[in-house]
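Colleague: Return a 3D structure for these sequence lines:
(2 chains)
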Amino acid sequence: AQSVTQLDSHVSVSEGTPVLLRCNYSSSYSPSLFWYVQHPNKGLQLLLKYTSAATLVKGINGFEAEFKKSETSFHLTKPSAHMSDAAEYFCVVSDRSMEYGNKLVFGAGTILRVKS
Amino acid sequence: NAGVTQTPKFQVLKTGQSMTLQCAQDMNHEYMSWYRQDPGMGLRLIHYSVGAGITDQGEVPNGYNVSRSTTEDFPLRLLSAAPSQTSVYFCASSFQGSGNTIYFGEGSWLTVV
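Modeller: Residues are numbered from 1 along each chain as shown, chains lettered A, B, ... in the order given. All right, here's what the predicted structure looks like:
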């Protein structure tokens, strides 16, 4: 069975400092992994995804994540936080063993606060 | 570029009432799904469909029905609303197969009083 653990429910950083949002996953098969962002009262927007190509994945808005199979981690980083990054972030795993469908398992979310 | 369209955006229901949340996508995606989002729990899968005429249950299906008569539409029906169904509901679609990008609607905020 798949599962996702986001290690921090809240992260607070100052504008211009690095962002690290941590995610560990569990999957019986080779997973696909995603990070989504949700701004208040909005839908979910895809930041980036890993699907077995390069382990370092670059996404939109300067975010990137590194797939580390040995650590079962997929942490999200950004070198310099911007006020507009304040949102909730979800780490998501999809099981590539599935022939049909595209079932996702979501982490509980990490709320990122950016201080000026 | 409509993407995934959900209606209504906001709804208040009385306990016991029924209603349908509408979802439509214009990307010819085979796979559509409904999630509910509750604080501190991420999104949980209610029902999904891999194509017209095919639906299946997700993690939290009780109290909800779905149907898929066309590729484009995937309505979610609340049969007899309960306060526990107060939540934000998201419809999503994608091409079949893990790894394909999932596209989400803007969400429907439902309150059951």
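
Colleague: I'd like the distance between A:Lys69 and chain B.
Modeller: The gap separating A:Lys69 from chain B is 16 Å, by Cβ to the nearest Cβ, to the nearest Å. For every residue, glycine as well, the C-beta is placed using N, CA and C.

Colleague: Residue of chain A nearest chain B, please.
Modeller: Relative to chain B, the nearest point of chain A is A:Phe106 (3.4 Å; Cβ to the nearest Cβ).

Colleague: Ramachandran angles for A:Pro79?
Modeller: phi -70, psi -30 (degrees, to the nearest 10).

Colleague: Can you tell me which residue sits nearest the middle of chain A?
Modeller: A:Trp35 (3.1 Å; Cα atoms, centre = their mean).

Colleague: quick one: strands adjacent to the worst-scoring helix or strand of chain A on mean pLDDT?
Modeller: Confidence across the helices and strands of chain A bottoms out at strand A:104-106, with a mean of 86, counting by mean pLDDT, DSSP states H and E. According to DSSP bridges, strand A:104-106 forms sheet pairs with strand A:87-95 (antiparallel).

Colleague: what mean pLDDT would you report for the strand it pairs with?
Modeller: In this model, strand A:87-95 has a mean pLDDT of 90.

Colleague: Output it as PDB - backbone C-alpha positions only.
Modeller: Extracted C-alpha coordinates of strand A:87-95, given in PDB (Å, rounded to 0.1, in the frame of the first residue of the first chain):
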ATOM      1  CA  ALA A  87       0.400  28.500   0.500                       C
ATOM      2  CA  GLU A  88      -0.300  24.800   1.400                       C
ATOM      3  CA  TYR A  89       1.900  22.200  -0.300                       C
ATOM      4  CA  PHE A  90       0.900  18.600  -0.900                       C
ATOM      5  CA  CYS A  91       3.200  15.700  -1.600                       C
ATOM      6  CA  VAL A  92       1.500  13.000  -3.600                       C
ATOM      7  CA  VAL A  93       2.300   9.500  -4.700                       C
ATOM      8  CA  SER A  94       0.800   7.500  -7.600                       C
ATOM      9  CA  ASP A  95       1.400   3.800  -7.900                       C
END
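
Colleague: ok, and the closest non-adjacent residue to the one residue in chain B that gets nearest to chain A?
Modeller: Taking Cβ to the nearest Cβ, chain A has its nearest neighbour within chain B at B:Gly42, 3.4 Å off. The shortest distance from B:Gly42 to any non-neighbouring residue, by Cβ to Cβ, 6 or more residues apart in numbering or on different chains, is to A:Phe106 (3.4 Å).

Colleague: contacting residues around the nearest residue to B:Tyr64 once chain neighbours are set aside?
Modeller: Distances taken as Cβ to Cβ, 6+ apart put B:Ile46 closest to B:Tyr64, at 5.3 Å, once the chain neighbours are dropped. Neighbour list for B:Ile46: B:Ser33, B:Trp34, B:Tyr35, B:Arg36, B:Gly58, B:Glu59, B:Val60, B:Pro61, B:Tyr64, B:Val66, B:Leu76, B:Tyr89 [criterion: Cβ atoms under 8 Å, 6 or more residues apart in numbering or on different chains].
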